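In: make a model of this:
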Amino acid sequence: MLLSLLLACQGDVGIIKRIEEETGQTIGIGEPADDPIIPDQDTDQERVGITGYNYLGLRQVSCPACVGETQEITIEFRANFHQPSSSGWTQWIPEQGVCDTELIEIVPSTIPLSVGADIQAISQNHQFQAQQTGLGNYENNSIWEPQLQRDTSYDVATEFGSYTFYSSHGFDWVEPYTMLWVEPSYAFDAAIYRTGAAFSWSPTSTNHTFTVTIAVYSYDGAQLLGYVTCAGPDNGFLQIPAQYLQQYPAGSLTAIHLIRHKVELVETEINNSYIETHTQWEVVGTGHIE
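Out: Now for the predicted structure:
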């Protein structure tokens, strides 16, 4: 249906463009290099660079039928390992207090590194495995929502070392609550005012970034007219200024993404370096321009 374009695209926020920088060097599976690269395990040296990215994301769509989705909740885990780099994986997330109408997710240029055929993530009451799907890339898209532990540490074990990341949590309520209608006949009821749109939620978090993305479509959903993403602290309130909404016609349909981002650098024995961890919790609702 009208918003399937928005949510079918890959990325943390469906409409965000994703660009991969050219990789300076790759080592294919089954094609050993002349001088194999072995992770440095000397922990007496100062830790240098980022040697991996760990992502855990939950997305909850209020009205799957409205957006061409087949299920309400999806959970994605992926991890990427590489030789130490000075570039991070989450620099595309806007700084707090900034709005962006052309948000682009940039994947850094890295030299991939395999850390085994699979990796294990273990918490006190839940554990899962991620298989290597490409050199240095590990994925698991089959995690059940009831099993996922909230605000909990997960220890990740690889053949070359370990690290710890922390999960996040969802929402008790969001406003406007009408953006969460689940029946297609009631969807798109929430009014997004051209004079400015305010959103609130609970619970809140410290040291997190919160983003709100509004994607605007024609009244029949046939054309994407534009979008804006604004970022702020996870303090329970964010306002989208009028300057980003006033150009859209009344009656235009909207998809609304509320996302909590938790980004940290954690130590690892792998290359005596750091892993950038990124946990996000997203809810997707609907509305209209008024």
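In: for W281, give its distance to E72.
Out: 14 Å (CB to CB, to the nearest Å). Using the backbone N, CA and C atoms, a C-beta is placed for each residue, glycine as well.
In: more neighbours, the two?
Out: Neighbours per residue, other CB atoms under 10 Å: of W281 and E72, the larger number sits with W281, 22 against 14.
In: shouldn't the more buried one be in contact with L58?
Out: Yes. Under the criterion of CB atoms under 8 Å, W281 makes contact with L58 at 5.2 Å.
In: let me know how buried V67 is, in neighbour terms.
Out: By other CB under 10 Å, neighbour count at V67 equals 23.
In: can you report phi and psi for it?
Out: phi -120, psi 10 (degrees, to the nearest 10).
In: how close does it get to V182?
Out: 12 Å.
In: find residues that contact each of the two.
Out: Taking CB atoms under 8 Å, 6 or more residues apart in numbering as the criterion, V67 and V182 do not both touch any residue.
In: quick one, domains of the protein?
Out: Domains of the chain are assigned by automatic domain parsing as 8-21+48-94+105-169+265-277, 173-261.
In: what stretches of the protein score poorly on pLDDT?
Out: For the chain, the stretches with pLDDT under 70 are 1-44.
In: show me the helices in it, by range?
Out: With DSSP state H as the criterion, the chain has helices at 4-8.
In: so S87 makes contact with V107?
Out: No. Look at S87 against V107 with CB under 8 Å: they stay out of range, at 9.4 Å.
In: between W281 and L58, what contacts are shared?
Out: With CB under 8 Å, 6+ apart as the test, W281 and L58 both reach 168, 170.
In: I275 against I50, yeah?
Out: Yes. Between I275 and I50 there is a contact under CB under 8 Å: 7.2 Å.
In: G170: how many residues sit nearby?
Out: 17.
In: chain neighbours aside, what residue packs nearest to it?
Out: Closest residue in space to G170, ignoring its immediate chain neighbours: W281 at 5.2 Å, by CB to CB, 6 or more residues apart in numbering.
In: show me the beta-bridge partners of that neighbour.
Out: Beta-bridge partners recorded for W281 (DSSP bridges): L58, R260.
In: distance of it from R260?
Out: In terms of CB to CB, W281 sits 5 Å off from R260.
In: can you list residues touching both of these two?
Out: Contacts common to W281 and R260, judged by CB under 8 Å, 6+ apart, are 168-169.
In: before we move on, back to that, got a list of what the residue nearest to G170 touches?
Out: Taking CB under 8 Å, 6+ apart as the criterion, W281 is in contact with 57-58, 168-171, 259-260.
In: ok, D234 - contacts?
Out: Contacts for D234 (CB under 8 Å, 6+ apart) come out as 204-206, 208-210, 260.
In: where exactly do the strands run in the stretch 151-290 of the chain?
Out: Per DSSP state E, counting those that start in this stretch, the stretch 151-290 of the chain carries strands over the ranges 153-158, 161-166, 173-175, 190-192, 197-202, 209-217, 224-233, 237-240, 253-268, 273-289.
In: so what touches the fifth one?
Out: Contacts to strand 197-202, defined as CB under 8 Å, 6+ apart, come from residues 171-176, 210, 212, 214, 236-240, 245, 256, 258.
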